[in-house]
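> Okay, sequence plus prediction incoming.
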Amino acid sequence: MKGLLSRIEILIVLVFLLAFLMWAGSRCKETKVSLQEEVIAESVEDSLTTNSTTAQKKSSNNTLEEALRKKKDEIAAKSKTETAETSTSSAASSSTSPTGKLYITIDKLKLRSEPGLESKILGELSLFSEVFFMEEVTDSIYTLSLGKDVASEPYVKVKTKRGTIGWVYGAGVNYYKK
């Protein structure tokens, strides 16, 4: 009788354990689905906010250098078609007004007064913070070691949300949060 009773107890414990595992599995699946839906909604929202034109969407698939150079070429072509007076005022306004949103992809990225490692540091930018592209890119490419990776990118002129204008290394910014 004692052996039979312990077998029934083990069977009851196993049934409860199985029921608990089934309940926990369904809860985990629900949570996983809801989190996946949130991630998809957030990525759609990010892609809608970060790119307002088709040209920017296409260029985001290329390297940052190519995208920024295309933008610079578009501005140069546009200014050639305008009169000298309009071109001068347009160039002055483009150097002071931001045109596109970029995200910082390297934590503590240095914001510098001029392009290059020797220039004065104006501040450090935190990972995923937003800056605004000022439509200026250096003509020369700088090769830097970023830990395990080596990047060859130009410096990019940006404006922070607080209004500070400076230069950041091109490998440290992107149109998307990564």
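Now that the structure is in, tell me what you want to look at.
> Can you list the residue ranges for strands in this structure?
Per DSSP state E, the chain carries strands over the ranges 100-104, 109-112, 121-125, 130-137, 142-146, 149-153, 155-160, 165-169, 173-174.
> With mean neighbour count added, can I get these in TSV?
In this view, the C-beta of every residue, glycine as well, is placed from N, C-alpha and C. TSV is the format used below for those (neighbours: other CB atoms under 10 Å):
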stretch	mean neighbour count
strand 100-104	20
strand 109-112	20
strand 121-125	15
strand 130-137	20
strand 142-146	12
strand 149-153	14
strand 155-160	22
strand 165-169	22
strand 173-174	20
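> helices and strands around the longest helix anywhere in the chain, which ones?
Ranked by residue count and defined by DSSP state H, the top helix of the chain is helix 2-50. On a contact count with 3 or more CB pairs under 8 Å, 6 or more residues apart in numbering; DSSP states H and E, helix 2-50 meets strand 100-104.
> ok, now with 10 Å
helix 54-60, strand 100-104 (3 or more CB pairs under 10 Å, 6 or more residues apart in numbering; DSSP states H and E).
> how big is the angle separating it from strand 130-137?
40 degrees (axes from the mean of the first three to the mean of the last three CA atoms, to 10 degrees).
> what about helix 2-50, average pLDDT?
Taken as a whole, helix 2-50 has a mean pLDDT of 79.
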